[in-house]
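In: give me a 3D structure for the following:
(2 chains)
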Amino acid sequence: MLDRRQLRDFDIGLVVATLAIVAIGIAMIYSATYDPDAALPSPLVQRQLLVAAIGVLLMAGVVLISQDTFEGLAPVLYAVALVLLVAVLVVGVGKSGERRWFDLGPLRFQPSEFAKYAVIFALARYLARRRTKLDRPVHLLLPLAIVLVPTALVLREPDLGTSLLFLLLLPPMLYWAGTKPILLLFLLMPVVSMALAFNWIAWVVFLALLGTLLYVSRIFMVDKLIVFVTSVVTGQLSPFLWSHLEDYQRHRVLAFLNPEKYRFSTGYQLIQSKIAIGSGSAMGKGFLQGTQKNFAFLPEQHTDFIFSVLAEEFGFLGCLLVLSLYLFLVVRMFRLAGTVRNRFAGLVIVGIASVLFLQSTINVGVTLGLSPVTGMTLPLLSYGGSSLLVTLASVGIVLGMGLRRMEY
Amino acid sequence: MSRVPSGLAEIDALRQRSRVVRLVAFAIFSLIVLRLGWLQLARGDFYRDLSEDNYVQGFEVRAPRGLIIDRNGEILADNSVSLSITLSRVRDRDDETLADLLAELLALDREFVAEKLRETRMRYYGTVALIENANLEQVSRVEERRSELPGVKVETAARRRYVGGSLCTHALGYVGEVSLRELHSMEPLGYAPRDIVGKTGVEQRYELLLRGRDGAEYWVCDSAGRELYPFEGGPSRDIRPGHTLGLTIDAEAQRAAEEALKKHAAGAVVAIEPRTGEVLVMASHPAPDPNAFAEGLSDDEWRELTTSPTHPLLNRAIQAVYPPGSPFKLVTAGAGLETGVISRGTRVMCRGSYKYGIRTFRCWKAEGHGLTDVLDGIVESCDVFMYQVGAKLGVATLMDWAERSGLGRRTGIDIAGEGAGNVPTPAWYDRRYGKRKWSRGVVINLSIGQGELLVTPLQAACLACGVANSGVVYTPHLFKHVETYSGRTTGTARSTVAYELPYSDSTMKLLRQAMVAVVEAQNGTGKLARIEGIEVAGKTGTSQNPHGEDHSCFIAYAPADDPQIALAVIAENAGGGGAIAAPMAREIIKAYLRIEDPPQQQQTEGGGDETGGEEIGGEQSGIGENGGESAAGGDPGRGGGSAPWSIAGEAGGGSNAGP
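Out: Okay, the predicted model is just below:
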């Protein structure tokens, strides 16, 4: 158990910032679902309040669990996550034909939310116990496999956004475990190649540049070849994969590239979101005063596009405050990760911070038109029970590991 | 392992990495803040303007959709003007009072009006229809109280009108508001919500030709939404009407076909000009009146249409599949001759039944046809003859010839939804029943066109085309030409060969000879298709149907020496092909060739049993093959579906008799 000395390390700032975001989120959900004729706030608000209360208790409870327990349980949690991800493909439900949630009567549970953390634990355990260097592509095959299996399963739901998140976890955690940045950069090349393959001139130029870069870099010849060949192969596969995307996923990308052309269907959200954010100006239109929101121009306003509601009603200043809170959380966690003695704990904190960082930047990026629509929610702020619960729990994990930072 | 203390070097390395990731996080957050600043601070006023109500409102002026005409220029679809009362968004409007007033003026349900007013708040531009097809009284009431009705407008719009009502409706298709799903793919082509698009038939296939270019007008409006004066310098556009689409359909023959089908519960007719593949008639019965769709159907009416057991929305001519019945004997006989299992002179003794293994298959004519050669086999539709040919050929060979004769594959007609039918090859039986779990005896039923062999009426018509046209089958098509609104032709259809029947010239000649005899000879089964003055070639058929009366079918072409029309007729549950379908074909051919009835013959035309009865000496059942062939059918439960036809795509089920 914890002793008095450890309790002094309790990071009150982390708790305050987290709860502040949750509180702002509930206020924004209240605004997004506000109906002047209704006597009570929308049931969604009541629900989110209830989930937040449970989540805070969960966060406090998780603090008590030691990191060794997590490390021991990691393989079990990973296996459970895989089973749930397979099960949801069979009995899951979703908004329009996807299979993302378990429907448990009054509750809905999204296993991919849980799987994120299971993957972090599994990856952290593997990387923490590995003593040899991680400097060649072959060394990364197993970590890649740990991530790719759940990625593929979530992709089948289909949930492109969340599955990408799994992949994006790899670079920060590998970097933390000691992989050289240059290698990580090269690992990104096949993905870049895939994106550039749609314009063959760009692709050829890219391959030439990559070839030169590889030629001058000081890595093994075999590894140079591996990086180059996989880049060529993924580039060639690109049109094939593109044609195998779901219709709506293709439209999301096309609408991102050219929202005006798709202004009545997929591009509509993006344009309306930009108008909502832009019209918020410096100070915003005031709480409950967003016209974009009130006249229902903003779709998905209490989930994926809640940031637009915030931006419309509270303007640049409000956004700056919320973004600062996220940045504070992320930076604080990364700093903590650098001071914990236990390798596993450090990696877990990096993973959790990365999820928070990636999800918040990608979600906000979507509302600002910086990224295609991914269906990713804003953690702690968007409406959504599973997400809020697991995110609060993850903050609890970080807090707990912070208390035990001197333990090996 | 992870309990091993990290060395000092590693602690240093971790500090360093921690600094790097924090820097990256900070950089990316800064990027977002920059973008946020650009949108909110630099461009904030621009977006605030956008978000506020515009004082300039755009109105679309709908271009009329192109006409659809038949091969002789008769108009099949045009547009009528309709008035509608619409609502648009107005800031600071008292929707409650307005809803009260509108409900009272127009005698509408108040809740309905309030709902429509709420809808206007969801729209940036464009209007919400309150009443489509408003009458003049409603319009004048709105006009009188204009000043009290901000955002309420009377709009005129061109509405699709199908001149002949349900005439040719399945080929024409119908139009409706673009769905969200369609909008995904059509938006880049310039479509917007509430646009009217073709949903089925040629309306859908030639949508891009038929639609015109909408115009736009811009008005400066006051805060109450009243239009003050036209906004100069707005991107106004003139309208351009859609192109006129010329079809290959012959409305005269189409009407005759639909008239003939109306006497039966359900059925279909396809007629094609054999030398070009132009579709002259495409009729499917029952047929809904598409004008009702344009006026807007209630949910009940729509449910009625989509769930009715007679499936009026189904285009039976290309989507329904039936066992071909006796017309398939042309393929069996042709295959027999080509492979050499029979020759022109081969005779078979028909005593009214045929034993294959332990089972006995009967001929439709219980007393038997006596010694029969291939010509008589076709003309008198002798089952026993065909059984023997089929037994010698075997399933694989017979079905191979069926496939090469164009059956069981889509013809590539230029409207969507065509069914493929089913040619049950041994591989198909293996898949369906398991290897060796089916009897080779299925070939007996297949040889007379029964069993799991399924074709669309279109494929049957193409078979008739092929025989008529020395084997060459052109791809059937409905498109003939397209012209601009002002009458300049901008495109015409070109005929392409779809496939050629695999029979030698001598076989083709025999088949033609046989088809002529079916109608013109004393012992022919299709005598009721005779037309004074020309020779008609045909083949009767009766598709057995374990769930009710047999389907009556007939394929034909005419005139025999210079074929101008080839057709397939099917009447569901109507009885024998000779008695029912043959006289239907006769009426259609007469209508297409514009042959007038001599006055004194008009009476006999309707009474089929008069001409037929004296010669064959029986009731209607004696003329066709009614009943006879159904005796041949084995256990109907095996392959039987529950409907008298099956929809294309599910065709594998095989709707009629089992093996």
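In: contacts only, for the residue lying closest to residue A:220 once chain neighbours are set aside.
Out: Setting aside the residues directly before and after it, residue A:220 is nearest to residue A:136 in space (C-beta to C-beta, 6 or more residues apart in numbering or on different chains), at 6.5 Å. Where you see a C-beta, it was placed from the backbone N, CA and C, and this is true even at glycine. Applying C-beta atoms under 8 Å, 6 or more residues apart in numbering or on different chains, we find residue A:136 in contact with A:183, A:219-220, A:223.
In: also residue A:285?
Out: Residues near residue A:285 by C-beta under 8 Å, 6+ apart: A:279, A:291, A:312-313, A:315.
In: quick check: residue B:568 touching residue B:553?
Out: Yes - between residue B:568 and residue B:553 a contact is recorded at 7.0 Å, counting by C-beta atoms under 8 Å.
In: so what sits against both of those two?
Out: Applying C-beta under 8 Å, 6+ apart, one finds that residue B:568 and residue B:553 are jointly contacted by B:327, B:460.
In: out of the two, which sits in the busier spot?
Out: In this view residue B:568 and residue B:553 are compared by other C-beta atoms under 10 Å in any protein chain shown, and residue B:553 has more residues nearby, 36 against 33.
In: let me know the pLDDT of that one.
Out: You'll see residue B:553 listed with a pLDDT of 92.
In: from residue B:44, how far off is it?
Out: From residue B:553 over to residue B:44 the distance is 73 Å, taken as C-beta to C-beta, to the nearest Å.
In: by neighbours, which of the contacts of residue A:285 wins?
Out: For those, the largest neighbour count, defined by other C-beta under 10 Å, is 33 neighbours, found at residue A:312.
In: sorry, back to before: how near is the residue nearest to residue A:220 to residue B:10?
Out: Distance check for residue A:136 against residue B:10: by C-beta to C-beta, it reads 20 Å.
In: how about residue B:136?
Out: 88 Å.
In: excluding its backbone neighbours, what's nearest residue A:103?
Out: With C-beta to C-beta, 6+ apart as the measure, residue A:93 is the residue that lies nearest to residue A:103, at 4.8 Å, once sequence neighbours are left out.
In: and that neighbour, its phi and psi?
Out: phi -130, psi 170 (degrees, to the nearest 10).
In: for it, give me its contacts.
Out: Here residue A:93 is in contact with A:99-103, A:108 (C-beta under 8 Å, 6+ apart).
In: in the sheet, who's paired with it?
Out: With DSSP bridges as the criterion, residue A:93 is bridged to residue A:101.
In: now do stretch A:128-146, average pLDDT.
Out: Per-residue scores along stretch A:128-146 average to 84.
In: ok, how many other residues are close to residue B:431?
Out: By other C-beta under 10 Å, 12 other residues sit near residue B:431.
In: phi and psi next, for it.
Out: Residue B:431 adopts backbone torsions of phi -60, psi -40, taken as degrees, to the nearest 10.
In: isn't there a strand covering residue B:79?
Out: Yes - residue state for residue B:79 (DSSP: H, G, I helix; E, B strand; the rest coil) corresponds to a strand.
In: and residue B:136 and residue B:10? Which one has more around it.
Out: Looking at residue B:136 and residue B:10 with other C-beta under 10 Å, you find the greater number of neighbours at residue B:10, namely 12 against 8.
In: contact partners for the more buried one?
Out: For residue B:10, the contact set (C-beta under 8 Å, 6+ apart) is empty.
In: what pLDDT is listed against it?
Out: According to the per-residue confidence, residue B:10 scores 77 in pLDDT.
In: so does the helix or strand residue B:104 falls within get close to chain A?
Out: Under the criterion DSSP states H and E, the helix or strand holding residue B:104 is helix B:95-106. No - no part of helix B:95-106 sits close enough to chain A to count as contact by C-beta under 8 Å from any C-beta of the partner chain; the gap is at least 11.3 Å.
In: what's next to that helix, contact-wise?
Out: Residues from elsewhere that reach helix B:95-106 (C-beta under 8 Å, 6+ apart): B:85, B:108-110, B:112-114, B:117-118, B:130-131, B:138, B:141-142, B:145, B:148-150, B:152.
In: buried ones only from those residues, please, as a PyMOL command.
Out: A single PyMOL command suffices to select whichever of these are buried according to 16 or more other C-beta atoms under 10 Å in any protein chain shown:
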select buried, chain B and resi 85+108+113+114+117+130+131+138+141+142+149+150+152
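In: quick check: the gap between residue A:360 and chain B.
Out: As for residue A:360, its distance to chain B is 9 Å (criterion: C-beta to the nearest C-beta, to the nearest Å).
In: that residue contacts residue A:379, doesn't it?
Out: Yes - shown here, residue A:360 and residue A:379 form a contact pair, counting by C-beta under 8 Å, at 6.0 Å.
In: check contacts around the residue of the stretch 401-550 of chain B found nearest chain A.
Out: For the stretch 401-550 of chain B, the residue positioned closest to chain A under C-beta to the nearest C-beta is residue B:416, at a distance of 18.0 Å. With C-beta under 8 Å, 6+ apart as the criterion, the residues that contact residue B:416 are B:200, B:204-205.
In: gap between it and residue B:198?
Out: Remark: distance between residue B:416 and residue B:198 (C-beta to C-beta) = 10 Å.
In: quick one: which helix or strand includes residue A:255?
Out: In this structure, residue A:255 sits in helix A:247-257 according to DSSP H and E.
In: does chain B sit close to that helix?
Out: Yes - on the criterion C-beta under 8 Å from any C-beta, helix A:247-257 is in touch with chain B at A:247-248, A:251.
In: against which helices or strands is that helix packed?
Out: Other helices and strands packing on helix A:247-257, by 3 or more C-beta pairs under 8 Å, 6 or more residues apart in numbering or on different chains; DSSP states H and E, are helix A:266-279, helix B:180-186.
In: one more pass at 7 Å, please.
Out: Under the contact definition 3 or more C-beta pairs under 7 Å, 6 or more residues apart in numbering or on different chains; DSSP states H and E, helix A:247-257 sits against helix A:266-279.
In: check whether the helix it packs on comes near chain B.
Out: Yes - for helix A:266-279 and chain B, the contact criterion (C-beta under 7 Å from any C-beta of the partner chain) is met by A:274-275, A:277-279.
In: closest to residue B:512 out of these?
Out: Closest to residue B:512 out of those is residue A:274 (70.8 Å), distances taken as C-beta to C-beta.
In: what about that closest one, neighbour count?
Out: Residue A:274 is surrounded by 21 other residues when neighbours are defined as other C-beta under 10 Å.
In: show me what contacts it?
Out: Shown here is residue A:274, whose contacts under the criterion C-beta atoms under 7 Å, 6 or more residues apart in numbering or on different chains are A:369, B:39.
In: for residue A:217, same thing?
Out: So, once contact is read as C-beta under 7 Å, 6+ apart, residue A:217 ends up touching residue A:182.
In: element containing the residue lying closest to residue B:436 once chain neighbours are set aside, please.
Out: For residue B:436, the nearest residue in space outside its immediate sequence neighbours is residue B:430; the separation is 8.0 Å by C-beta to C-beta, 6+ apart. Assigned by DSSP H and E, residue B:430 belongs to helix B:426-433.
In: and the next helix or strand past that helix?
Out: Using DSSP H and E, the helix or strand that directly follows helix B:426-433 along the chain is helix B:442-447.
In: now the element after that next one, going C-ward?
Out: Toward the C-terminal end, the helix or strand that comes next after helix B:442-447 (DSSP H and E) is helix B:457-468.
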